[in-house]
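S.K.: Sequence unavailable; structure follows:
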Ligand code: OOB
């Protein structure tokens, strides 16, 4: 495991320990502690099952013993790809207690991603459902194990086919595994990066840093045992897993509800039934929920804090969600790599609408740099570089990417273009203005895709839009607006007239308008521009 893992440097590790952020405890202590403090409280709920903290603690121990009995050894990696369900949490804690290192895959990942994760991590096992959302994971497992013989253990929740049955693990009655001491500076689990360029990278999160992530996030979101958290995004993603998500909820004895169906109809009914108070959504889903408040018979009135993040949201979109879904909307700008910024409960509306929040930890260090790597004056735009008590120091087994992605003094180059407000009521808060590389080189001009998208999103006929580059013989790249209309569509000439009226800069105008029925998304639900271009150039 240690090969290819980049630990925190010892001076900073010491600083985080003495600040009290790092407690030296293994990640599964979140369950151990919750089971000791609130044994009879409901820990997790899904459509068919519920477990108290004590029950979850017991079943995690049984699964851990079964995994060890299967031959999974300490430090070995196991790909975990279960849909949102109680069994996801059981498997996560079972793996942690077996001393294995879960690789947190998302249900939307397919052979290309899973094969890559298996290759890089050297995983020995895979835990999947039999079928979910119309996809047969056993068929994928057959192909994966043929290509990756190191994947010796395939465990299936449901009808196992040729593989090992998950229910056999849950009911295991062999000897328990003794709790072994864990080095808290080593990886507890591997998250996958959220980028939309190339295959995702693996991010090792240590016991120390991830426990801190969960504890501090729950605190900053003012979570208490009276809250109920809804996992509406894929549970293996950092956002619903630990920001505060499942793990943060456990630190305060709050219940977590899983749903594999985040449609407004289903989610609103669930929110109402369980009186859910907190959830995390990507922008597109938040917008859909906000709209659905106009027609759904049951409204999600119990929500007090709804985090929205994952990609750029314009102030207009933020205002729409705030006005229509809940006044408790909060913006979050986070990454699997660590660093979290979010608006806090009670922050003024101006801050919630116009910023993506402020850092979670007083020890988060942020630097905003120009293209030469020099720090820009306070309040100006540039690339965000970060370092801190829960931010990675290197991708797992990725020397080339690491050489590019980190400054000599250990700051992670996020690739995100931001400004940190220097004064006024927004001082210290971050605005994400785009991705450094999300630009279109049209003739001699460099056009920000985000700026154009922000303009497009203000058009009343446009539901969602992505600005992408298409190859062009004369210009090098031309600007394409891929647009989902509300109903009535508009022509390119009408759209450009609208951009004129808004005073959008004249070189940042779409050359091509492509109406689409929906924009393709990544496994967590963000617009996937690579797929947008692929769809357009295919037709
Ligand atoms: C979250 O994590 P990832 O790893 O899927 O994606 C991280 C990237 C960031 O580097 C940034 O480019 C983008 O997603 N992003 C945002 C954003 N939140 C994330 N861009 C603009 N505005 C935002 N509010 O997406 C993630 C992890 C934890 C909590 C929340 C989101």
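M.R.: The structure has been received and is ready for your questions. Since the model is a prediction, treat every value here as computed from it, not as a measurement. Numbering: from 1, shown residues only.

S.K.: For whatever residue of the stretch 151-300 of the chain ends up closest to the ligand, what is the enclosing helix or strand?
M.R.: With Cβ to the nearest ligand atom, the shortest gap between the stretch 151-300 of the chain and the ligand falls at residue 194, namely 2.0 Å. For the C-beta atoms, the positions are set from N, CA and C on the backbone; glycine is no exception. For residue 194, there is no host helix or strand (DSSP states H and E).

S.K.: end-to-end on stretch 94-103?
M.R.: 13 Å (Cα to Cα, to the nearest Å).

S.K.: What mean pLDDT does that stretch get?
M.R.: Here stretch 94-103 scores 98 as its mean pLDDT.

S.K.: so who does the residue of the stretch 151-300 of the chain closest to the ligand touch?
M.R.: Applying Cβ atoms under 8 Å, 6 or more residues apart in numbering, we find residue 194 in contact with 200, 237, 310, 335-336, 522, 524, 526.

S.K.: Could I get those in TSV, plus columns for pLDDT and distance to residue 325?
M.R.: Below are those laid out as TSV (pLDDT from 0 to 100; distance: Cβ to Cβ, whole Å):
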residue	pLDDT	distance to residue 325
200	92	29
237	98	21
310	97	16
335	98	24
336	98	25
522	93	22
524	94	19
526	94	19
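
S.K.: Helix or strand for the residue lying closest to residue 114 once chain neighbours are set aside, just tell me which one.
M.R.: Distances taken as Cβ to Cβ, 6 or more residues apart in numbering place residue 144 nearest to residue 114, at 5.7 Å, with adjacent residues excluded. Assigned by DSSP H and E, residue 144 belongs to helix 137-147.

S.K.: Beta-bridge partners for residue 77, please?
M.R.: Note on residue 77: beta-bridge partners by DSSP bridges are residue 101.

S.K.: Now do the same for it: its pLDDT.
M.R.: At residue 77, the pLDDT value in this model is 98.

S.K.: Quick one: neighbours of it, just the number.
M.R.: Residues within reach of residue 77, counting by other Cβ atoms under 10 Å, total 26.

S.K.: Kindly provide the distance from residue 63 to residue 237.
M.R.: When distance is defined by Cβ to Cβ, to the nearest Å, residue 63 is 22 Å away from residue 237.

S.K.: cool, residue 4 as well?
M.R.: For residue 4, the distance to residue 237 - Cβ to Cβ - is 23 Å.

S.K.: One more: residue 523?
M.R.: Where residue 237 is concerned, residue 523 sits at a distance of 8 Å (Cβ to Cβ).

S.K.: Residue 290 too?
M.R.: Distance from residue 290 to residue 237, by Cβ to Cβ: 21 Å.

S.K.: more neighbours, the two?
M.R.: More crowded of residue 290 and residue 237, by other Cβ under 10 Å: residue 237, with 26 against 22.

S.K.: My guess is that one contacts residue 335. True?
M.R.: No. With contact defined as Cβ atoms under 8 Å, residue 237 does not reach residue 335; the gap is 10.9 Å.

S.K.: SS state for the residue of the chain positioned farthest from its centre?
M.R.: For the chain, the C-alpha farthest from the mean C-alpha position belongs to residue 474; by Cα atoms, centre = their mean, that distance is 39.0 Å. Recorded secondary structure, residue 474: coil (DSSP: H, G, I helix; E, B strand; the rest coil).

S.K.: now swap in residue 477 and tell me
M.R.: Following three-state DSSP, the label given to residue 477 is strand.

S.K.: Mind listing what's buried along stretch 396-403?
M.R.: 396-398, 402 (16 or more other Cβ atoms under 10 Å).

S.K.: returning to what we had before: what packs against the helix holding residue 144?
M.R.: Other elements packing on helix 137-147 under the criterion 3 or more Cβ pairs under 8 Å, 6 or more residues apart in numbering; DSSP states H and E are helix 111-121, strand 125-129, strand 153-157.

S.K.: Looking at those, which one is packed in the most?
M.R.: strand 125-129 (a mean of 27; mean count of other Cβ atoms under 10 Å).

S.K.: quick one: strands adjacent to it?
M.R.: strand 77-81 (parallel), strand 153-157 (parallel).
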